[in-house]
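> got a predicted structure here, sequence first:
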Amino acid sequence: MTGAARDALAARLRAAGSVFAEDEADLLLDAGDGDAVRLRALVQRRLDGEPLEYVLGWAAFDGHRLRVTPGVFVPRARTAVVVEHAARRLQRYDRVVDLCCGAGAVSVALLARVGALDLVATDIDPDAVEVAAENIGDRGIVVTGDLFAPLPERFRGMVDVIAVNAPYVPTASIATMPSEAREHEHRVALDGGPDGLDLHRRIAAGAGEWLRPGGSVVIEVSVAQASDSAAAFGAAGFATSIETDDEVDGTCVVATLPA
């Protein structure tokens, strides 16, 4: 495609509301791979409002390209704060749970940063589990179920880190989310209950059964909810801290079981 045609594509994307129209145009051109019919189909999907990641079939996260399929939660850059603080607490071959794993983004990033891990990733959404299994491959186990329910018995009381990006959007706030999220991602990946912290409280109540003494939960949260999330873990007997990363605009609570 000529430079003029690329600019014309970027202009169409910009008119449709794209903030990064030039970058999107380049990515769509690459995905079209010289096939004009395929390119037109991809561009139309994007112009119709489908998230770019679903159109491309992949999402970028922490330097990795992860497969995503329609409906599966798209990894956000801010979740790198969970990866950073989980990785600091891990060594090779440690036991890790990637809870509410989505496409497996946290697992893939931790494996790259730390090395081989005894890793189990879980999600209640079978579509997410299918994609996570593809992204993680033979480097971990991916299972379907509600929070801790599908974990192997050998993990009980033995886990070093539980890394979590559980849904934390308050139910009433979903209507105000960008249309790409609220209309395309599965609601189970977004809805955190009335105040957004239903799953945080459930995780706080159950995590101690699975962690080793001194093990930690590292869980993503919004700045506004961080104190309440930390309080839930504190009430369950954890020592807590709130960590932020301005570079990725991410916040997490680190909750450590007393040794």
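Perfect, I can see it now. Predicted, not measured: the structure shown is a model, and the values here were computed from it.

> list the contacts of stretch 30-37.
With contact meaning C-beta atoms under 8 Å, 6 or more residues apart in numbering, stretch 30-37 is reached by 38, 39, 42, 55, 56, 57. Heads up, the C-betas are built off the backbone N, CA and C, glycines and all.

> in helices, which of those fall?
Counted as lying in helices by DSSP state H, out of these, are 38, 39, 42, 55, 56.

> helices of this structure, start to end?
Taking DSSP H, the helices of the chain run over residues 3-15, 21-32, 36-47, 52-56, 80-87, 105-114, 126-136, 179-182, 198-207, 226-235.

> could you give the angle of the longest one to helix 36-47?
Right, the one you point to is helix 3-15. 20 degrees (axes from the mean of the first three to the mean of the last three C-alpha atoms, to 10 degrees).

> which residues are contacting stretch 252-259?
Outside stretch 252-259, the residues that touch it by C-beta under 8 Å, 6+ apart are 81-82, 85, 200, 204, 207-208, 211-221, 226, 229-230, 233-234, 236-243.

> which stretches of the stretch 1-150 of the chain have low pLDDT?
1-2 (pLDDT under 70).

> from residue 107, how far off is the residue nearest the centre of the chain?
Computing the C-alpha centroid of the chain and ranking residues by C-alpha atoms, centre = their mean puts residue 75 first, at 4.2 Å. The gap separating residue 75 from residue 107 is 11 Å, by C-beta to C-beta, to the nearest Å.

> and residue 40, by the same measure?
36 Å.

> for residue 139, same thing?
From residue 139 to residue 107 the distance is 8 Å (C-beta to C-beta).

> shared neighbours, these two?
Common neighbours of residue 139 and residue 107 (criterion: C-beta under 8 Å, 6+ apart): residue 119.

> ok, the two, which is more surrounded?
Remark: of residue 139 and residue 107, residue 107 carries more neighbours, 27 against 15, as counted by other C-beta atoms under 10 Å.

> OK, contacts around that one?
Applying C-beta under 8 Å, 6+ apart, we find residue 107 in contact with 96, 98, 101, 119, 121, 132, 135, 136, 139, 140.

> give me the neighbour count for the residue nearest to it when sequence neighbours are not counted.
Distances taken as C-beta to C-beta, 6 or more residues apart in numbering place residue 98 nearest to residue 107, at 4.4 Å, with adjacent residues excluded. Residue 98 has 31 neighbouring residues, counting by other C-beta under 10 Å.

> surely residue 98 touches residue 122?
Yes: the pair residue 98 / residue 122 is scored as a contact, 7.2 Å apart, by C-beta atoms under 8 Å.

> dump the helices of the chain into TSV; add distance to residue 169 as well.
Shown next, in TSV, are these (distance: least, C-beta to C-beta, whole Å):
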stretch	distance to residue 169
helix 3-15	27
helix 21-32	25
helix 36-47	24
helix 52-56	18
helix 80-87	16
helix 105-114	18
helix 126-136	16
helix 179-182	9
helix 198-207	11
helix 226-235	13
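
> who's in contact with residue 159?
Residue 159 makes contact with 95, 96, 97, 210, 211, 212, 215, according to C-beta under 8 Å, 6+ apart.

> before we move on, what about residue 192?
166, 167, 168, 169, 170, 171, 198, 199, 200.

> find the residue closest to the last one in space, skipping its chain neighbours.
Taking C-beta to C-beta, 6+ apart as the measure, residue 200 lies nearest to residue 229, with 4.7 Å between them; neighbours along the chain are not counted.

> and that neighbour, what pLDDT?
Note for residue 229: predicted pLDDT of 98.

> what's the burial count for it?
Neighbourhood size, residue 229 [other C-beta under 10 Å]: 27.

> name the residues of stretch 136-145 that come out as buried.
Residues of stretch 136-145 classed as buried by neighbour count (16 or more other C-beta atoms under 10 Å): 136, 140, 142, 143, 144.

> surely the first one meets residue 105?
When you say that, I think you mean residue 136. No: using C-beta under 8 Å, residue 136 makes no contact with residue 105, being 10.0 Å away.

> didn't residue 245 look like it was pressed against residue 82?
No: Residue 245 lies out of contact with residue 82 (C-beta under 8 Å); the separation is 9.6 Å.
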